[in-house]
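[1] Test case, fold it:
(chains A and B)
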Amino acid sequence: MEYILKNGIVFDPKNNVKGEQMDILIKDNKITDEVSSNAKVLDVTGKLVMPGGVDLHSHIAGPKLSIGRLYRPEDIRRGIKPPSRNDISGFEAGFSLPTCPTIGYRYTKMGYTTVTEAAVPPLEAKHAHEEINSIPNLDIPTLTLFGNNWFMLKYVKENRLDDLKVFISKWLKLAKGYGVKIVNPCGSEAWGWGKNVDGLDDAEPHWEVTGRQVITSLTRVNEELGLPHSVHVHTNDLGHPGNYETTLETFDCVKDIKKNRNVDRNQIIHCTHVQFHSYKGTSWRDVSSGATELIDYINKHNHLTCDVGQITFDETTTMTADAPMEYDLFRLTGLKWANKDIEVETASGLIPAIYSQHAPVSVLQWAVGLEFFMGVKDPWKIALTTDSPNAGPFIRYPKIISWLMSQEKLQDMLDNDVHSWATKRTDLGTYNREYSWDEITVITRSSPAKILGLEDRGHLGLNAKADISVYDIDVDDFDPTLKSNSETIENKLLNSKYTIKDGEILVKDAKIVKLVKSNHIWCNVKGLENSERLLENRIKPEFNKYYTIKYENYGVNDHYIKPDTQVNVEYMGENYESN
Amino acid sequence: MIEKPIKDYDKEVKNCSCSYCGNNCDDITYLLKNDEIVGVRHACRIGASKIINDQDQRLLSPMIRNDEGILEETTWDVALDKTARLLHNSTRPVLYGWGETSVEAIKKGIKIAEITGSVIDNQSTICHGTSIQAFQNVGHPVMTLGEVKNRADVIVYVGTNPMDDHPRHLSRYTTFPEGFFRRNGRQDRTIITLDPKYTNTAKVSDKWIQFNMDEDYLLFNALRMLLKGEELEEKEVAGVSTQQLEELIKIMKNAEYGALFFGLGVSQTLAKQKNVDVLIQLIEDLNRYSKWSMLPMRGFFNVSGFNIALTSETGYPYGVDFSRGYPRFMVGETTTIDLLNRREPDFFMAVSADPGVQFPGYTIKHLVNIPTIQVDTHWGPYTELSDIVLPSTRVGVETEGTAYRMDSIPLFMKKVIDKPKNCHSDEWILTELYKRIEQLKQEDE
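    Model (predicted):
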């Protein structure tokens, strides 16, 4: 199929297109520069055109979601919407814990085409992939949890990085994972004994390995393999006042590790939901923002990127492999606590959270998130996330965008809506920045795609994937800086005029017109097959002793990942960029 | 009696998953001769008998009950057409069962429920549904079984008897095997059984604490009080001496890693979900001092998979009512037993379940008055009640598919032998029904 997307106002930061009126040509599933006379014209004169949205960190599939839904029917009821008669999508259910189909509907209508599931334990990877099969319309890479895996801990402890490298390469294949996720390294393992680790250099009691060792080792291995995405790190001490020092140390601990020569990304470490990791103080009474120091570090260094985890003032559900932190939250709030420890690999926990604009701590967290948006100068180092649903559900992205684009709106919130800690305990009041559409495109498309190492998307250049979103906003006649327009921004960005994925129109005039199967994106390292076989033989006896399923039944069978995109990586040995 | 090892086989298939209980043991070897299973290795007695001797009482052809009340063999087309028409024309259909089929089939069932406005429900409604209610009330601190094997030094079984019902639970997953931090297996662990009866699990435990039936709620509350350091005025609670309770809570408090398993003996006795509520709170409290987690002993091999698949698709774990076109869940309103007791349903289909065995008498009586369909592998009490019988195949033996263990670990179950000629998989049967119902809907328009 061929299309001409005519006369839209196009934002394509990677190709330096900043709001030019132009046509986008689509042939089959790619952007092209020439179409035949049969091409169908879609008139989008004056409308806002961007590449399809890319979310690099969200929780959308797998055991955490299932537990959440199972134990929070009150959240499911909040999001019920009967199937509409003039739309091919079915009913919706769930607010912070939408059902699988609902996740697909809502992201598609927002113009998103790629969403990363950020934490999958390999033992339950089949579950995640099975759920992805029920989510329509997205490309979904999954990040595999390694930060508390016993084999990893053993290799790190014995400094066997070659084995670790082969292990990661093999395990990504077994879990059909795309990248390496590290969550509270060593802390979630310590939770096996009801403990946590305190900071980057507090060794896990049994393994005597520290978070620093885990992060640096996995970063080294990630770069040696040349994986498209860098290590994706949820640092130690999440949600603890005073944790910004740990975060700063984590930023710094990998800075001398060399980046692989073949990768497109700039960073060697991605630190996720930094908002939750940026507090000063010793308790929730004397807590204040530590964002300024972290922002300063990010602005001065190029080896790291971050996403925010912006609070949205909702009643939501937190879910993380950082299980000890969830128990801390339970002690703090007394809300119903869920926990699931997963043998040999990780732990995980959930708890409902109520972020209120009248509660000092919620407001502090909200303001810290916005400080990052305001303070990080280069938008290519940052991505918009809510760590959905942890800081708020993903359907709030448009609302966040409305805050970022209007100082008037933000000032009004600071003056009238939110608790005074926003200005008293953070530097948010000192910033005076308004995001342009170009910068919004960067933090919701181009930068997350680049950080993930998915070069075929996040832009509209020749041969890019034909993933495009068009919003019913007349760019030249619309002033997003006005407070009075913020609701319009939210509304229009929630309901795209067109969402096009792989050259197919999925949404037209805010209605879903087509449902396609989601695509599983995973990373396949080539060139280590022999070493993998040897390692497998060595691991198997131990595996079968300490897991409770057989190694032979462990991997994700191919039929769970249809259709898939296999991102092939040729292993080239040590192949680093010179500093 | 010692059985002789089976030597007369020509093929072995390793690492099969057992399709009996919620343990889903995935280390089973099937021994085949002439493409028939003649033996199994590693399975428990129940699992083995289910896998080997399974041709007895097998349903082999579709059947419809005739005017004289006799089940008569018929063709698939006739049986499927009639089922589809009955379901399509009903106003309050219930689709029940699902504990012993694959997630793939369950997902087809959910689709049918959606387009027909049915209630879809599983065995949770009469088993651990109360536990799920408690999870919704209080919280859900669970673990995978390997955590117990590798770490647990104290294991408590309450109101459950795995030695008889989940025979390899202790031997493969919790008590006896060597764990990473428990090199001596059984010797490194303290096993405690709380049960009104002296069960086979109690026999192999270090401690059996007998308590009065239906006084679970009292018992667990007393344990919580003791844990908080409060003194009990009574000399005994629920038939257990205060001293015994103090000893028990001391062991639990001092555990390095404790695991508690509970069964229907907790979730279906007098206070039902309230029993589980307070048990969860006990586990939560214990985590202040030590590390504890808990798990319900799920019965069928995929009863947990149904809850998971239903939450993925509809948001709710069981008892989902589609009569308004979108899912609703309200225990007591949209759950099978309550619906049948109110005489609401006018169509009832059971897939891989036998309500004739599982339901109370008063409930079953209504099934006599409405069209009833059976989709299953074997003749059972429910066959005697059924108007239409659709013979299906055995997941993990004749049909492949996904199942979730009691601790929600997903397993892909193999197809090892061919199905009986005139049987079809649940997934196939439901897909055919779906197609036919869609067609009937179109004809209506």
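[2] Spit out the contact partners of the residue in the stretch 151-300 of chain B that chain A sits nearest to.
    Per C-beta to the nearest C-beta, B:Lys291 is where the stretch 151-300 of chain B lies closest to chain A, at 3.5 Å. In short, each C-beta sits where N, CA and C put it, glycine included. The neighbours of B:Lys291, taking C-beta atoms under 8 Å, 6 or more residues apart in numbering or on different chains as the test, are A:Trp191, A:Gly192, A:Trp193, A:Gly194, B:Arg151, B:Ala255, B:Glu256, B:Tyr257, B:Gly258.
[3] what number of residues lie near the fifth one?
    Going back to what we said before, that points to B:Arg151. 23 (other C-beta atoms under 10 Å in any protein chain shown).
[4] and chain B, what are its domains?
    B:11-52, B:63-126+B:301-444, B:129-296 (automatic domain parsing).
[5] Any chance of CSV for these, columns mean pLDDT and distance to A:Asp477?
    Below are the domains of chain B laid out as CSV (pLDDT from 0 to 100; distance: least, C-beta to C-beta, whole Å):
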stretch, mean pLDDT, distance to A:Asp477
domain B:11-52, 94, 61
domain B:63-126+B:301-444, 97, 39
domain B:129-296, 97, 50
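[6] Tell me which of those sits nearest to A:Thr481.
    Go through the domains of chain B one by one with C-beta to C-beta and the one that ends up closest to A:Thr481 is domain B:63-126+B:301-444, at 38.8 Å.
[7] how about residue 139, phi and psi?
    Picked chain A for this. phi -100, psi 130 (degrees, to the nearest 10).
[8] wait, isn't it in contact with A:Glu117?
    No. Look at A:Asp139 against A:Glu117 with C-beta atoms under 8 Å: they stay out of range, at 11.2 Å.
[9] which of the residues in stretch B:402-417 are buried?
    B:402-416 (16 or more other C-beta atoms under 10 Å in any protein chain shown).
[10] nope, stretch B:175-189 is what I was after
    B:Thr175, B:Phe176, B:Pro177, B:Gly179, B:Phe180, B:Phe181, B:Arg182, B:Arg186, B:Arg189.
[11] What sits closest to the residue in chain B that chain A sits nearest to if chain neighbours are left out?
    Here chain B gets closest to chain A at one residue, B:Gly146, 2.6 Å apart by C-beta to the nearest C-beta. Closest residue to B:Gly146 apart from its sequence neighbours, by C-beta to C-beta, 6 or more residues apart in numbering or on different chains: A:Glu343 at 2.6 Å.
[12] What is the neighbour count of that neighbour?
    Neighbour tally, A:Glu343, other C-beta under 10 Å: 26.
[13] hang on, the earlier thing: nearest residue to the residue of the stretch 151-300 of chain B closest to chain A in space, please, no chain neighbours.
    B:Lys291 sits nearest to A:Gly194 (C-beta to C-beta, 6+ apart), 3.5 Å away.
[14] Any chance of the backbone angles for that neighbour?
    phi 80, psi 20.
[15] From A:Pro563, how far off is the residue of chain B closest to chain A?
    32 Å (C-beta to C-beta, to the nearest Å).
[16] Using PDB, list the CA coordinates for the one helix or strand B:Glu147 maps to.
    Using DSSP states H and E, the element containing B:Glu147 is helix B:145-151. The C-alpha trace of helix B:145-151 is given here as PDB (Å, rounded to 0.1, in the frame of the first residue of the first chain):
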ATOM      1  CA  LEU B 145       8.500 -23.200  44.800                       C
ATOM      2  CA  GLY B 146      12.200 -23.000  44.100                       C
ATOM      3  CA  GLU B 147      12.500 -20.300  46.700                       C
ATOM      4  CA  VAL B 148      11.300 -22.800  49.200                       C
ATOM      5  CA  LYS B 149      13.500 -25.500  48.000                       C
ATOM      6  CA  ASN B 150      16.600 -23.300  48.100                       C
ATOM      7  CA  ARG B 151      16.000 -21.200  51.200                       C
END
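[17] shaky segments in chain A?
    For chain A, the stretches with pLDDT under 70 are A:578-579.
[18] what's the longest helix in it?
    Longest helix of chain A, by residue count under DSSP state H: helix A:529-546.
[19] Contacts (any at all) between chain B and it?
    Yes. Contact of helix A:529-546 with chain B (C-beta under 8 Å from any C-beta of the partner chain) involves A:Lys545, A:Tyr546.
[20] That helix - contacts with which helices or strands?
    On a contact count with 3 or more C-beta pairs under 8 Å, 6 or more residues apart in numbering or on different chains; DSSP states H and E, helix A:529-546 meets helix A:150-157, helix A:161-175, helix B:145-151.
[21] right, so the ones you listed: which one is the most enclosed?
    helix B:145-151 (a mean of 25; mean count of other C-beta atoms under 10 Å in any protein chain shown).
[22] can you give me the strands in the stretch 151-300 of chain B?
    B:154-158, B:190-194, B:207-209, B:236-237, B:240-241, B:258-262, B:292-296 (DSSP state E, counting those that start in this stretch).
[23] Would you point to the one among the ones you listed that's packed deepest?
    strand B:258-262 (a mean of 26).
[24] State the helix or strand in which B:Thr130 lies.
    helix B:129-137.
[25] Contacts (any at all) between chain A and that helix?
    Yes. Helix B:129-137 comes into contact with chain A (C-beta under 8 Å from any C-beta), by way of B:Ile132, B:Phe135, B:Gln136, B:Asn137.
[26] ditto for stretch B:271-284
    Yes. Contact between stretch B:271-284 and chain A, assessed by C-beta under 8 Å from any C-beta, occurs at B:Glu284.
[27] contacts for that stretch?
    A:330, A:337, B:130-131, B:133-135, B:137-141, B:158, B:214, B:216-217, B:220-221, B:223-224, B:227, B:260, B:262, B:266-267, B:269, B:292-294.
[28] Thank you kindly, that will do.
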